[in-house]
Structure formats: C-alpha cells, structure tokens
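Colleague: give me a 3D structure for the following:
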Amino acid sequence: MRRTLLPSLEIEKEIDALLAGERVDVHPLEVVSELGRLGVRLVLQRAVEEEVDKCIECGMCEPKCPSRDLTLTPRQRIVVRREMARLTESRGDGQLLTALEADFPYMALDTCAVDGLCATACPVGIDTGQLTKRFRRLRHSPAAQTRARRLAENFALLEGMARVGLRTGHMIQSLFGAGAMTGVTRALRAVADPKRRQILQMLKEKGFQGAEATHEIKEVAGDS
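Modeller: Okay, here's the model as predicted:
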C-alpha cells in the first residue's frame, strides 16, 4: 500500500525546524492542524542515521531500486535500521535483533547498488546509497582502506599482472590439464590465507585429503 506524503514542502520545512528547536514562522499547532485537516498521519521517528533521518517511509523510492526484487528496497533498509536501533536502545526482542544483525550486511549493504536512483524519486532527496557507503567503510579497518587506495592508485600495474597471471594459467592448463590448474590455485590460496593454511594443516593431521579436505576447509572458513 502506497504511503501518504507530507502535504507540502512548506509544512515539511516547518516540522524540520520544530524538531531542530529553531524559530518558525507559524505556531506549532497550526502545523499540526494543517496535517490533521489533510488527513496526513505523521510519525516522528527517532533519529538514527543522519543520512536518512528525514525519511517518512512513503515508498516513492522503491520502484527505482535495482535490488527491490532481490533483497530490500531503500525504504525497507531504513525501516530495518531504525528497528535495530530501537531494539538496541530498549533492550527488546534479543532474538529478533540478533537475526537482523546477521542478515543486515547482505540484505542491506552488499546488495545495494549505491547508484543514487532512490534520491531521484525521494520527496526529500534521500540517497540511501550514502548510508550504505558509510557502513561499508566501517566494515574495513584503516589498514585495509589504505591498501585498497594504493591498489586503486596503481591499477594499471595490477591489470598487467592479472593479464600475465591469466596467460600463465591458460598455459598450465593447456600443458597439464584442468586438474593441474585447480591444484595450483588451491595451493596458492592455502599459502596466501593464514587461516586456510592453519585449517589445512589441521586437516592433514586428521587424515583428510583432496576434495574431502577442500569441503572441510569451506565449512570451517564459512565459505559457501
């Protein structure tokens, strides 16, 4: 069901000013009276995230969202974030909060296209992608962000290395078969990832070999 928008931009500005404790041109009761006369139900939401606090949950952004049929729409992302903040503050349903925290990274962050299309339809110009970008940054340490920036600054070199790697892989596969290349990549992953190296050593000590060991590594490391 489509949600009702605020009656006018002027009324919305007055409400923003009231919430901010600023001086306004009309009496607060006049704002409430106007809202009531037009049959608009205003729900004042708790401030949670600066980027989206003005959201009135009207749903106008939803048709623009590329991920609307995959996970969540911008409105739903905001609603979930508000509910998580409410549960945290009120010490409410712990199981629900745990479930939301577990699903939020994929449902709200990983699948957001951050293309800004939601802002083109939003009556107050909210770009949910900005919130998504901030949360994504928070998931990475300063050291990881520094490494990523250096890689981006030297992308031409990385591109050349990738080409060499692909050509080498094709050569190995053509000479020794696909199985040889699979073994090489598996060995490189084990060496490059300390966690996998530790797991592989543990599995070897327990007698796991080949595909059975690969399956166990995925289970312990949390791979799909």
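Colleague: ends of stretch 133-142, how far apart?
Modeller: 15 Å (CA to CA, to the nearest Å).
Colleague: mind listing what's buried along it?
Modeller: Within stretch 133-142, the residues that count as buried by 16 or more other CB atoms under 10 Å are Phe135. In short, each C-beta sits where N, CA and C put it, glycine included.
Colleague: walk me through the domains of this structure.
Modeller: The record's domain parsing of the chain by automatic domain parsing lists 1-44, 58-138, 143-221.
Colleague: report how many residues lie close to the spatially closest residue to Val48 that is not a sequence neighbour.
Modeller: The shortest distance from Val48 to any non-neighbouring residue, by CB to CB, 6 or more residues apart in numbering, is to Ala85 (4.5 Å). By other CB atoms under 10 Å, the residues close to Ala85 number 16.
Colleague: quickly note the distance from Ala85 to Arg139.
Modeller: 18 Å (CB to CB, to the nearest Å).
Colleague: now Asp115
Modeller: 20 Å.
Colleague: ranges for the helices of the chain?
Modeller: Secondary structure of the chain (DSSP state H): helices at 9-19, 28-37, 74-90, 94-104, 117-121, 128-138, 142-153, 155-176, 178-192, 194-206, 210-221.
Colleague: contact partners for Lys64?
Modeller: Lys64 sits next to 117-118, 120-121 when contact means CB atoms under 8 Å, 6 or more residues apart in numbering.
Colleague: do that again at 10 Å, thanks
Modeller: 73-74, 115-122 (CB atoms under 10 Å, 6 or more residues apart in numbering).
Colleague: just Val184 next, same as before
Modeller: 168-169, 172-173, 176.
Colleague: again, but for Thr98
Modeller: With contacts defined as CB under 10 Å, 6+ apart, Thr98 is in contact with Leu87.
Colleague: would you confirm that Phe76 contacts Thr111?
Modeller: Just so we're on the same page, residue 76 is Gln rather than Phe. No - checked against CB atoms under 10 Å, the pair Gln76 and Thr111 is beyond contact range at 11.4 Å.
Colleague: the two - which one has more neighbours?
Modeller: A side-by-side neighbour count of Gln76 and Thr111, using other CB under 10 Å, places Gln76 first with 20 against 16.
Colleague: rewinding a little: where among the domains of the chain is the average confidence lowest?
Modeller: Here the lowest mean pLDDT among the domains of the chain goes to domain 1-44, at a mean of 52.
Colleague: mutual contacts of Gln76 and Thr111, please.
Modeller: 65, 67.
Colleague: please name the nearest non-neighbouring residue to Met84.
Modeller: Nearest to Met84 is Leu100, by CB to CB, 6+ apart, at 5.2 Å.
Colleague: the one you found contacts Arg77, doesn't it?
Modeller: No - judged on CB under 10 Å, Leu100 makes no contact with Arg77 at a distance of 11.4 Å.
Colleague: name the residues contacting each of the two.
Modeller: 107-108.
Colleague: for the contacts of Val184, which ChimeraX command selects only the ones that are buried?
Modeller: For the buried members of the contacts of Val184, the matching ChimeraX selection, counting by 16+ other CB under 10 Å, is:
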select :172
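Colleague: can I get the contacts of Val184 in JSON lines with distance to Cys65?
Modeller: As requested, the contacts of Val184 are exported to JSON lines (distance: CB to CB, whole Å):
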{"residue": "Thr168", "distance to Cys65": "41"}
{"residue": "Gly169", "distance to Cys65": "38"}
{"residue": "Ile172", "distance to Cys65": "43"}
{"residue": "Gln173", "distance to Cys65": "41"}
{"residue": "Phe176", "distance to Cys65": "47"}
